[in-house]
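A.B. asks: following is a predicted model, sequence given first.
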Amino acid sequence: MKNTLRFIFGLMALMVWPNAMPQSFYDGPQVMSFGADRAYDDSERREIPSAILVWDQSVVRSAEDRYFVSSSWPQGFTSMVVLWSAIHDEADAADFTLQYRAQKQDGTWTPFRRSSGEYHPSESPRAIYAGELLMLSDGETFKAFEAEIIVPHGQEIIKIEVDLIDISVTYSDDPFALPAEKLVVESLSSLEFPEIVRRSSWCLTNACLNPTYTINYIEATHTLIHYGAVPNDYSDGAAVVRSYWDYHVNTLGWFDIGYNYLVDKFGNLFEGRHNPNLPLLDVRAAHAGPSNAVSIGVNFLGNTNAPALYPTEVQLGKNVELLAWWYDYKEFDPTSIADIILQDPSGEIQPRYRISGHMDVGATACPGTVLHGMLPAMRQQVLDNLPSPDVFSVGNESVEGEEGNYPTFRAAVTALNNQETFDNDILLLITSDLEEDCITSGIGLAVDPSPFTITIKPAPGKTPTISFNYPGDVNAGPSGAFIIGITHENNIAWTDAKPTRNIIFDGSNTEDGTTRDLTFTNTTGTHRNGMPFLLIGDVADIVVKNLNIYHQATNQPSPTQVGFNGAFAMRVNHNAETDNAPRNIIIDNNHISVDFPGVSPGYNGVNVFRSNAGTVGYIENTSFINNLIEGKANGFFLAWAGDSIEISGNEIRVNQDIGTGILAQAALQFPLGLADANILVAGNYFSKIANIGDAPSVNMAAIDIVAGGNYLIANNMISGFDITAETGHNGFLRGVRVNNVAANLMFVYNSMLLNELENVSGTTQMVMRGFDLVSGNVIMKNNIIASTENGFAFNLLHMPELPDIAEHNLYYLDPEGTANLGFHNNISYTDLEAWQTATGKEQNTLFADPQFVSDTDLMILVTSPAKEAGTPIAEVDVDFFGTPRDAENPCIGAHENLDEIPVYNVIFNITDEDGIQIDNAVITLDGTTNPAGEYIFSDLQAGEYDYEIMAEGFFSVSGTVEVVDQNVNLDIELTAIPQVEFTVTFLVANQDGYHITDAVITLNGVTNPAGVYLFEDLEAGEYDFLVTAPGYFDYPGTVEVEDKDVLVVVIMIVDNTFVGETEGGPAYRLFPNPAGSELNIYSETTIRAIAVFDLSGRAIDTMDQINSNQLKLNVSQYKKGIYLISIYSNQGVTTLRFQVQ
C-alpha cells in the first residue's frame, strides 16, 4: 500500500486564481521610451536587468485585424513577453497570433517567428492577455524588436505592453554541472525518485529562494504535459527555468513559477513550484487554470510545436523516470482515464487520460503537435517502467505469467506467513470458488512485506467465492474463520499475533475497477464466532475494497456479546498489556451483510470490539466509505473507536426480522470510545431502521452515541423506520440519541423522516423520537426532522437536556396526527411557537412540509421551504452528493438543491396587417409593463399570463398566454385605427339622372344650406341623414364611415303619389298612417299583389295571390321612414306613400 490515509474533516475549496499576489507594476523609474508611449526600468523589482514598454495612447492597426509595435532597447535583452488588453475578452488567448523578430547587436535581424496567446485575462490578476515567454536566443543579447498581434476578426486592442528581460548574466557554460540531488524519499514505492535540481540551485533572487505565500496541497490525479515554446538551441536549462519564474511572477503577477517540474533537453529535472514536502505531497501550481486543483504540470523546455523539433531522448527518458515514480507512488494506471476539471470558467468535469497535454483540458497549442502526438507512447513507456508484481494463482485454474499456484486459500496464506523477506509486490489472483475447511483451525494472515504490497483479488473476468466452514470455535486465541493480524499453527493463538502491513483486498476483477466480484462468506452451519473477515491487533495500512463479506451462520450469538459478532470485525488486542489496535485502515465500496434468512438478530454488519484486558488502545485513522452495510442487531457497532474515524458515503441498514429483540441497538452505535476522538459521520443513507418491537426495552436508533468524543454528523439522510413484529408492538424507535456528558456533537445539514409505520396504529406502547438528547454538548443547525406518522402520539424532539445551540432547523409533523413537536422539563409542546417560548431556542427555525421527493428519497424539491433557508457552516461546504453549498444561503437538510424554479421566456412578435414589424408597442403582462419596443418577458414560471398590447395608431389587443415547459413565441397582428377625420359627399339626382342642386341635407342633426352637399371633419361611425328637395319625396338613410371618405348617391323620386282615393280609379285606404307594426290596406276592388319600395327605389317586400279587397301588412321589421307601396288590382297599378314610425 503506497499511500497512508490522510484524515480530513473539511474540504478545500477550489481556487479560481493560480496563486496570484497583488503587485504594483510600472513602479520603476520612467525612462526614454524609444518608440513606446511610456517605458519603465524594472530592474530593481525583478533583481535582473529588465524594462516595461507600454503603448496605450498610440495603439493603431497596421492592417485589418493586425496591430504592430516596435522599439529599440540599447541596454539589451534576451527574452520578451507581449501582453495586450482588448475591448472585450470573449476570445480565447489561443485565438490571437504573434509575429515577432529581434535585432542582434551587430544590426542583423532574426527571422520572423510565430507564437500564440498563452493566458486569458481570467488567468492573471492583471486581467490582461499574455503571450508566451519568447526566449530569443541563448548566450547573446538583442537591442530592438518588432512585434505584430493578429487578432480575431472584429476584436480591438486598446493597450499593448512588452516586457524585456536580460538573463544573460546568469548563464552557465556547462549545463551538465548543475548540482542535481538524490532525494531520500521514504515512500512505499519500490522505484527510486530521479535526481532533481532543487530551487536552491537555480534560483538567484531572494523572492525565488524564500517564497512567503501559503502552499496549497492537492490530491492530484493527472499529469499535464507542457512545452517551453523556446528555441531548442539553448545551452543553459537553468537560465530558461529562471526566465519562466520571472515571467510568471514579475510579468503575470503569480506567486511562483507555474509548473511543478521542468525537464531540459540535457535530461536535467528541475524542481518547479515551491514544495517543502517534495515529492511525497503535490502542491497546487499554476499551469492549467481550474485543472490545477487535481493535476501537476511537467514542462518540456524547448519548442516542440514543429515536426523538426523533437524532444531529446534524455529529456523523454527523464520524464518517464519521473512519471513512473509518481504513478507507482499514487497507484494509478498511467494509461487510464479519469475525470478532471477542464480549464474553462464553467468548471466542467470531463474524462481525460491521466497523462494528457495542456491542450486536452484547455484552448491552447501547448504542448505542441509533435509532443502531443508522443503522449500515447509516453503512457505506455511509463506503464512499462512500473514494477510488476510476482503473480500467483489461487484455485483450480492458472493465470498467464504466474510464479506458481496454490490450490487453496489456506495454502496461499501459509506461504505468505512463512516468507521471511520480500523483494517485490505480490499479487494473488483467485481463479475459482474455494471451500475452506476450518474444522481444526481458522485461517490467519500476518505478514509485513514493507515496502512492498500484497494484493488479493479475483482473476480477470472471475467472480469467485471463498467459503469458510468453521463448525466449532476451535481457535485457542481470537475467534474467527479468517483473521488478518495473526498466523496459525494448528489453531490460532494470541501468541501468533504479529505486526501486519501493506495488504490490499480488491474484489474487482478489473484494473482500478469498482465491481464487487470476490466474496468472503461463512457457511450457514458455522459457529457463531466464525466471522468471515476479522482484523485484529497490530494491523495497519490495510485496504479492503470491492468485496462481498457475508456472515450467513444461523447460530444464535451470546446475548451478552452483541458487539462481538459480525460480518466484518476489528478487534483491539490487549494481550500482555500491549496496546495493539488496527490503524490506517480503508474499508471502501464493500457489501457487508448479515441480513440473510435465519440469521439471528444478534449479529452486526460491522463490529469493533476489545479482546483481553489491559492497556486501552483504540482503532484510529480508519475510514468506512461507500459501503452497503446490513446488520441485524447493529449496522455498525463501534466500541473502542479512537481518533480520526470516518464513516461517509455508506448505505446502512439494520433489520431485526426474527427472534427476540436485542436491547439498545442502532444502525450506527458508539458504545465506547476515546474521550477526545474526532469522528466524522457524513453523507450516509440510513435506509432501513427496523426494530422487531416486541418488548418494552427493545430500542433501535439510526445513530446512538453513548461514548464521549467529538462528533461531526452532517449531510446524512435517515428514513426507512419499521416495526417487524405483527402484534404486541413495544419498545423504542429513534432517529438520533445522545447520552454522554462527554459527547460533543455538531449535528448539521441532516435530513430525517420518521415515516409512517405500516402495521402500528391506534393504541400502542411504541415510543418514537426524532432527536433524543439525554445528555451531551450539542449544536443543531440546518437539519430537517419531519414525520408522516399519524397513527399514535409521540414527541419529535425528546430533550431532557437542551442543545447548546439550535437554529435554522426545519420541523414537520403530519397535520392529521397527534404527535408533539417537543418534550422538555416533563412537558410536551405541540407546536413550534410554544417550543420556542419554552426553550428560548430555535428562533430561526421553520415548521413546514420539507417537500421531500418521497419517503425514501430525501432530496428536496425546488419549491421546498428548506431551499436557501439555512445558515453557512464553515466546517461543511458540500452536501450529501458533494455539491458545493451556497456560501451565503445554503439549503436546510442534506440536499443542496441548486436548481432554480424553472423559468421561461415569452417573446412577442408584433406586426401589422401587412406583416410589417411594429417596433413601438407597449406590452403589459400580468401587471408588468415593459418599455416601448421591448417584447421579451424573462424568468417566468409555468402558468397562465394575461397580456395587453397597445401601439399608437392601432387597436389594442388583449389575451392570455400559457407557459408550460418551454419558451413561448407569440405572433400578434395589430389592426390599424382608421384616420380620425373623414368627409361625406352627397350626389343628389332625380330618376332621370338630372342633378338636383337645391336639396337640403341633414346629417346627424347638422343641416347644411340648400345645395351644400359636403360634410367635413367626421370621425368613424354611423350617421343618419335626410335629404329633402321641393317636389320630391324625402330621402332618409344611414351612412357608415369606417376608414376613408364616403360618397353617397341619392336618387330622389318625384312626389306624384297620393293618399286616399285615386283619381279616376278605385278608392284605397291605408291606415293607420304613419304605421307602427301593422298597416291596413282596404280596396274597393280585389287586390291581387303588392310591392313595397324605399325611396331609393329598392324593393323591400312583395306579396302575390292575395285575391282580397283588404290586407294586413306587417311593417314591424321596417326601418323608420317613408315607403312607397304599389297595389296591383284588376283596374291596374296604383302607388301610394306611407310612413313607418
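C.D. replies: Looks like it arrived, so ask away.
A.B. asks: mind jotting down where the helices sit in this structure?
C.D. replies: 43-46, 199-202, 206-209, 237-246, 313-330, 369-373, 375-385, 409-418, 832-839 (DSSP state H).
A.B. asks: alpha carbons of the third one, as PDB, please.
C.D. replies: Once non-C-alpha atoms are left out, helix 206-209 reads as follows in PDB (Å, rounded to 0.1, in the frame of the first residue of the first chain):
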ATOM      1  CA  ASN A 206      15.600  36.400  -2.800                       C
ATOM      2  CA  ALA A 207      12.000  36.300  -3.800                       C
ATOM      3  CA  CYS A 208      12.600  33.000  -5.600                       C
ATOM      4  CA  LEU A 209      14.800  31.500  -2.900                       C
END
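A.B. asks: what's in contact with it?
C.D. replies: Helix 206-209 has contacts (Cβ atoms under 8 Å, 6 or more residues apart in numbering) with 47, 199, 200, 203, 242, 245, 249. Using the backbone N, CA and C atoms, a C-beta is placed for each residue, glycine as well.
A.B. asks: got the contact list for the second one?
C.D. replies: Looking back up the chat, that one is residue 199. Contacts for residue 199 were tallied using Cβ under 8 Å, 6+ apart; they are 208, 209, 271, 274.
A.B. asks: circling back: hey, which of the helices of the chain is tucked in deepest?
C.D. replies: When you average the neighbours per residue for each of those (mean count of other Cβ atoms under 10 Å), helix 237-246 leads with a mean of 25.
A.B. asks: so for it, mean pLDDT?
C.D. replies: What helix 237-246 shows for mean pLDDT is 88.
A.B. asks: run the angle between it and helix 313-330 for me.
C.D. replies: Counting by axes from the mean of the first three to the mean of the last three Cα atoms, to 10 degrees, helix 237-246 points 60 degrees away from the direction of helix 313-330.
A.B. asks: on that earlier part again, so which of the contacts of residue 199 comes closest to residue 1049?
C.D. replies: Each of the contacts of residue 199 was checked against residue 1049 using Cβ to Cβ; the closest is residue 274, at 103.0 Å.
A.B. asks: next one, pLDDT for the closest residue to the closest one other than its chain neighbours please.
C.D. replies: Leaving out its chain neighbours, the residue that sits closest to residue 274 by Cβ to Cβ, 6 or more residues apart in numbering is residue 211, at 4.7 Å. What the model reports for residue 211 is a pLDDT of 91.
A.B. asks: for residue 211, give me its contacts.
C.D. replies: Counting by Cβ under 8 Å, 6+ apart, residue 211 makes contact with 255, 256, 274.
A.B. asks: by neighbours, which of the residues you listed wins?
C.D. replies: Among these, residue 256 has the most neighbours (other Cβ atoms under 10 Å), with 24 neighbours.
A.B. asks: can I assume that residue is in contact with residue 248?
C.D. replies: Yes - contact criterion Cβ atoms under 8 Å: residue 256 and residue 248 qualify, at 7.0 Å.
A.B. asks: how many residues are close by residue 120?
C.D. replies: 24.
A.B. asks: my read: it touches residue 86, true?
C.D. replies: No - between residue 120 and residue 86 no contact is recorded; they are 10.5 Å apart, counting by Cβ under 8 Å.
A.B. asks: shared neighbours of these two, anything?
C.D. replies: residue 129.
A.B. asks: returning to that earlier point: roughly how far apart are the residue nearest to residue 274 and residue 113?
C.D. replies: Using Cβ to Cβ, to the nearest Å, one gets 33 Å for the distance from residue 211 to residue 113.
A.B. asks: check residue 702 too.
C.D. replies: Distance, residue 702 to residue 113, by Cβ to Cβ: 68 Å.
A.B. asks: rewinding a little: and for residue 256 and residue 248, which residues touch both?
C.D. replies: residue 286.
A.B. asks: now residue 156. Nearest residue, chain neighbours left out?
C.D. replies: Closest residue in space to residue 156, ignoring its immediate chain neighbours: residue 87 at 4.2 Å, by Cβ to Cβ, 6+ apart.
A.B. asks: per-residue confidence for that neighbour?
C.D. replies: pLDDT, residue 87: 89.
A.B. asks: that one reaches residue 159, doesn't it?
C.D. replies: No - the pair formed by residue 87 and residue 159 falls short of the contact definition of Cβ under 8 Å, at 10.3 Å.
A.B. asks: more neighbours, the two?
C.D. replies: Applying other Cβ under 10 Å to residue 87 and residue 159 shows that residue 159 carries more neighbours, namely 16 against 9.
A.B. asks: quick one: contacts for that one?
C.D. replies: Contact analysis of residue 159 by Cβ under 8 Å, 6+ apart lists 54, 55, 56, 59, 84, 85, 128.
A.B. asks: relative to residue 69, how far out is it?
C.D. replies: Residue 159 sits 11 Å away from residue 69, going by Cβ to Cβ.
A.B. asks: joint contacts of the two?
C.D. replies: The contact lists of residue 159 and residue 69 share residue 55, where a contact means Cβ under 8 Å, 6+ apart.
A.B. asks: tell me the predicted confidence for the closest residue to residue 338 other than its chain neighbours.
C.D. replies: Computed as Cβ to Cβ, 6+ apart, the closest residue to residue 338 that is not its neighbour in sequence is residue 221, at 5.2 Å. Residue 221 is assigned 96 on the pLDDT scale.
A.B. asks: just want the most central residue of the chain.
C.D. replies: residue 883 (6.4 Å; Cα atoms, centre = their mean).
A.B. asks: what about the nearest residue to that one once chain neighbours are set aside, neighbour count?
C.D. replies: Of all residues not flanking residue 883 in the chain, residue 896 sits nearest, at 5.0 Å (Cβ to Cβ, 6+ apart). By other Cβ under 10 Å, the residues close to residue 896 number 27.
A.B. asks: and residue 896, what's its pLDDT?
C.D. replies: 94.
A.B. asks: same thing with residue 437?
C.D. replies: Turning to residue 437, the model gives it a pLDDT of 92.
A.B. asks: hmm, it is touching residue 469, no?
C.D. replies: Yes - between residue 437 and residue 469 there is a contact under Cβ under 8 Å: 5.9 Å.
A.B. asks: neighbour count for the two, which is higher?
C.D. replies: Set residue 437 next to residue 469 and count neighbours by other Cβ under 10 Å: residue 469 wins out with 17 against 14.
A.B. asks: okay, now the unreliable bits of the stretch 351-500 of the chain?
C.D. replies: 476, 489-491 (pLDDT under 70).
A.B. asks: isn't the residue nearest to the centre of the chain right up against residue 898?
C.D. replies: Yes - Residue 883 lies in contact with residue 898 (Cβ under 8 Å); the separation is 6.4 Å.
A.B. asks: where do the contact lists of these two overlap?
C.D. replies: Common contact partners of residue 883 and residue 898 (Cβ under 8 Å, 6+ apart): none.
A.B. asks: residue 780: neighbour count?
C.D. replies: Neighbours of residue 780 under the rule other Cβ under 10 Å: 27.
A.B. asks: and residue 336, by the same measure?
C.D. replies: Using other Cβ under 10 Å, residue 336 has 16 other residues around it.
A.B. asks: and residue 339, by the same measure?
C.D. replies: Using other Cβ under 10 Å, residue 339 is surrounded by 12 other residues.
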